[in-house]
Structure formats: C-alpha cells, structure tokens
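Asker: this one's sequence-less:
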C-alpha cells in the first residue's frame, strides 16, 4: 500500500496553475478527430473544460470520478473484493466499448494490486486498439496528496491546478512496473514532460 | 393535499416534513397562466422543500424542484430546475434542465443541460448542449454525438406524444411501460461487466 505519509509543502513553493504541453494527449485527440463516433472514458473528476473539449467531437464522454474511491481500493485486501470495488468505481458500459481512456495522474495513487484490479475492469470496457493515456510522476519524490488536478485547455495543452499544501510520497513507477500492472496493455509511446512527469500512451 | 408554490417556493410554513403520495400531478390543475401557443409558460411552478412526490410528474410549464421527487419528470416544452435543496431520483425529459441540487437518474433534454457547481449528478445525460461548472460532482455519461442525441430525443419525443394521448397509470416506483421501452431502446440495455 502506498504510504500516506504527507508533508506540508513550502507555501512559498505553491505556484500558479502550471500549463504544459502533453504531446501524447494531443496525439490521442488527433486520433479521435476523424469525424467518427467515439467513446471516451475519463477516470478523473468532471471539469468544465473536459466537457467543452470533448464536445468538439461526436463522442460520448463517460466520467468515472474514481478519485474518492482510490483509498478504499488500496485498502481492500481481498482480491475478489478489490475487483468488485474497482467495478463499482466505473460507470456502466452502455454495451459500447471505450475508444480512449484518460487516467490523468490517477495511477500514481494506486498500489500495484489496486492498479491491476482497476485497469482489468477498464480493459473489460475497451476493445483492441483502445488508447489509454496516463501521467506518471517521474522526477519528483513527492506529489499532491490527492489526484485529479489536470485540466485540458482549448489549445489541447494541460493545466495543473493542484494546490500543493499537502503532499505524499510519489511511487515513481517505472514503465516496467506499469506494464506488469496493466496486463493486456502495450506501451506505445512514452515522453518525459517539462514538469517532471512521464506521459505514457498505452494501447490494448 | 400540498399547495403548489409559485416562484418563491413557499410551502405554507410547514416545519415538519410532509409526505404526500400522488400517482400523477398535472400543472393544468394549478392556477398558472395558460401555456402560450409555443408551450412555454410565464410562471414557474415550485415543489417546495418539504414536499415528497413518488410517481410521474408531467406539465406544460417551467418547474423548480426544491423537494424530493422519485419517479419520472416530463416537461417536454419547458425548463426543469433542480434547486439546491432539491433531491430527485427520476428520469427527466425536458426542454432545458438546470441542476443545482442532487439528481440520480437519466436526463433527456432537447435544448440544454446545465450542471451547476453545487450539483451532484449520478446518471446519464443526452442533450445537444451540456455545460458543467467546475466544482460540480458528476458521475455518468454525457452523450455529445449529435446523431445519437437526435436519435435518442426523437424516440423520447415520440414516447412523450404517445403518453400525452393516453391516460397514465404510474406504478409506485414511477416506472411506466413506455418509459421502460424508451430507456431500453435508447440506452441499449445498460449492462455492468461482470
């Protein structure tokens, strides 16, 4: 289980929301921009800008908002119970698989068994070719205490709106860690971003 | 018998929760101004916060809900507002929908859905335009494919017209055979993956 030892960030270090380019996120959007209907599964919290962004496409946007359930998923020790919890965090499928899945920074807040459970349920809602986008803390030793603070912008960049009063240790998952925890997913591309995060695109 | 408040939502000063059970409520029974030829009314009917309704609501005027509603709400040509005190567990069919309170159910709107920052919504939205304020809690799907929206609303429109022609008998849980057919047809049988 990820230690929830938090620390207080230096208030002087709390910066304005940080905008950064995320080339693989932009690449994912370009692939959705074919005019064909698509289904996007957003594991994060609902944001005005996310709805506005995907309103540009003929798509159905499924918003899971799993953030509040992550600690409970981590705490579940029974493997079957973990699967049930993971399933309960996700919206119903509508019998239409997702074309793209947005994990944002959520995977950083899951221990390995929880990540495996959640992503196995995500895989069950996907199809061959589904793309999964995620942001992994790479260079920082600590990260914001809670997930879900990345917001897409009109120019397809991302805005980090985290309020870093409280932080917790970052697991700093390596690509091989993620590959182990995401069975059935193939890492397509990975990029190191200017904000110290690693942006990864998986494909089922 | 509850009194239908207008605009200010007064509930006649009831302090305790009044539970009322109605199989159907029609705004034609109110003292609201007659609907204009376009179906829009100048006044807004209000369900006050002490009111609980189980069943189907249908009307031809704008409606603001500050109480509890379980069942179905059909305001084909009007605006439904779920106020900050409002809690509804219902499927909604309306021209426009504004959510400030708690909503659990599916929304079919022919014009626009606005989810305000104080809202909590658990359900699916089908509408040509959806606005969601930051701070709002939402879990579900938002159908933004124009073709799918048109198809879904076309079917719900047919359903509403069919229902308007026949007397309605709602069950205690608010479901009707026509609603079930629309939900099944449009939502293509929501299934959770085992």
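Answerer: In hand now; what should we look at? Keep in mind that this is a model prediction, so the values were computed, not measured.

Asker: any part of stretch A:79-97 near chain B?
Answerer: Yes - counting by Cβ under 8 Å from any Cβ of the partner chain, chain B has neighbours in stretch A:79-97: A:87, A:91, A:92, A:93, A:94, A:95, A:96. Every C-beta, even on glycine, is put in place using the N, C-alpha and C of the backbone.

Asker: residues near residue B:137, how many?
Answerer: 17 (other Cβ atoms under 10 Å in any protein chain shown).

Asker: can you give me the strands in chain B?
Answerer: Counting by DSSP state E, chain B has these strands, from start to end: B:5-6, B:18-19, B:24-26, B:44-47, B:51-58, B:62-65, B:68-82, B:87-99, B:102-104, B:107-115, B:120-122, B:125-126, B:130-132, B:137-143.

Asker: scratch that, chain A is what I was asking about
Answerer: Under DSSP E, chain A gives strands at A:7-8, A:18-20, A:38-42, A:59-63, A:100-104, A:131-137, A:142-144, A:150-152, A:158-160, A:166-169, A:186-192, A:197-203.

Asker: any low-confidence regions in the chain?
Answerer: All of this refers to chain A. Across chain A, the ranges flagged by pLDDT under 70 are A:1-15.

Asker: was after chain B, sorry
Answerer: Looking at chain B by pLDDT under 70, you get B:1-42, B:155-194.

Asker: can you add mean neighbour count and give the strands of chain A back as JSON lines?
Answerer: Shown next, in JSON lines, are the strands of chain A (neighbours: other Cβ atoms under 10 Å in any protein chain shown):
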{"stretch": "strand A:7-8", "mean neighbour count": "10"}
{"stretch": "strand A:18-20", "mean neighbour count": "14"}
{"stretch": "strand A:38-42", "mean neighbour count": "24"}
{"stretch": "strand A:59-63", "mean neighbour count": "25"}
{"stretch": "strand A:100-104", "mean neighbour count": "24"}
{"stretch": "strand A:131-137", "mean neighbour count": "24"}
{"stretch": "strand A:142-144", "mean neighbour count": "21"}
{"stretch": "strand A:150-152", "mean neighbour count": "22"}
{"stretch": "strand A:158-160", "mean neighbour count": "19"}
{"stretch": "strand A:166-169", "mean neighbour count": "16"}
{"stretch": "strand A:186-192", "mean neighbour count": "13"}
{"stretch": "strand A:197-203", "mean neighbour count": "21"}
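
Asker: thinking again about what came up before, quick one: closest of the strands of chain B to residue A:80.
Answerer: For residue A:80, the closest of the strands of chain B is strand B:137-143, at 23.4 Å, according to Cβ to Cβ.
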